[in-house]
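Asks: fold the following and give me the result.
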Amino acid sequence: MDSAWNKEFCVSPATAADLTEDLLVAESLAAAAQGDYTAYFDLGVAFSTGSHGASCDLIEAHKWFNLAAVSGHEEAGACRSEVAEEMTAREIAEAQRRAREWLAASTRKAA
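Replies: Sure thing, here's the model as predicted:
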């Protein structure tokens with residue numbers, strides 16, 4: 001049912017699929033916080049494609065593929081390279097800085 005507010009501001013109500021996609025990213029972030037390298041890879045895919053409720057963000061995608069690659073995920077290194085082809089040197093440096101920050105924060109939590 002469309003309300004007058006929805007029609008005026010062109011907002012559609014959330015669907016179950018929207019909520020499920022958002023939940024997938026949230027679950028992947030929670031698993032990544034526990035060191036799950038497959039979750040790192042899944043987040044890289046989500047950010048590189050703009051899927052599962054994530055916006056397309058190549059810096060974030062590179063960060064997550066990088067974390068997955070250094071953790072031993074077999075496909076992540078190739079995906080990181082593909083994403084890097086579309087990025088500037090500054091964007092790659094930012095992605096690497098974010099990956100280092102994630103690792104440092106994870107190490108502090110574990111200690």
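
Asks: residue 28 is in contact with residue 46, isn't it?
Replies: Yes: with contact defined as CB atoms under 8 Å, residue 28 counts as touching residue 46 (7.0 Å). Where you see a C-beta, it was placed from the backbone N, CA and C, and this is true even at glycine.

Asks: which residues do these two both contact?
Replies: Shared contacts of residue 28 and residue 46, defined by CB atoms under 8 Å, 6 or more residues apart in numbering, are found at residue 52.

Asks: can you spell out which helices and strands pack onto whatever helix or strand residue 43 lives in?
Replies: Assignment of secondary structure by DSSP states H and E places residue 43 within helix 37-49. In terms of contacts (3 or more CB pairs under 8 Å, 6 or more residues apart in numbering; DSSP states H and E), helix 37-49 is packed against helix 16-33, helix 58-70, helix 76-84.

Asks: comparing the ones you listed, which stretch has the densest surroundings?
Replies: helix 58-70 (a mean of 24; mean count of other CB atoms under 10 Å).

Asks: show me what contacts residue 29?
Replies: Neighbours of residue 29 in contact, by CB under 8 Å, 6+ apart: 39, 43.

Asks: quick one: residues contacting the residue nearest the centre of the chain.
Replies: The centroid of the chain falls nearest to residue 43 when counting by CA atoms, centre = their mean (3.4 Å). For residue 43, the contact set (CB under 8 Å, 6+ apart) comprises 25, 28, 29, 32, 54, 60, 64.

Asks: of all those, which comes closest to residue 106?
Replies: Compare each of those with residue 106 using CB to CB and the shortest gap goes to residue 32, at 9.0 Å.

Asks: residues near the spatially closest residue to that closest one that is not a sequence neighbour, how many?
Replies: Nearest residue to residue 32, sequence neighbours excluded (CB to CB, 6 or more residues apart in numbering): residue 39, at 4.3 Å. The burial metric for residue 39, expressed as a neighbour count using other CB atoms under 10 Å, is 20.
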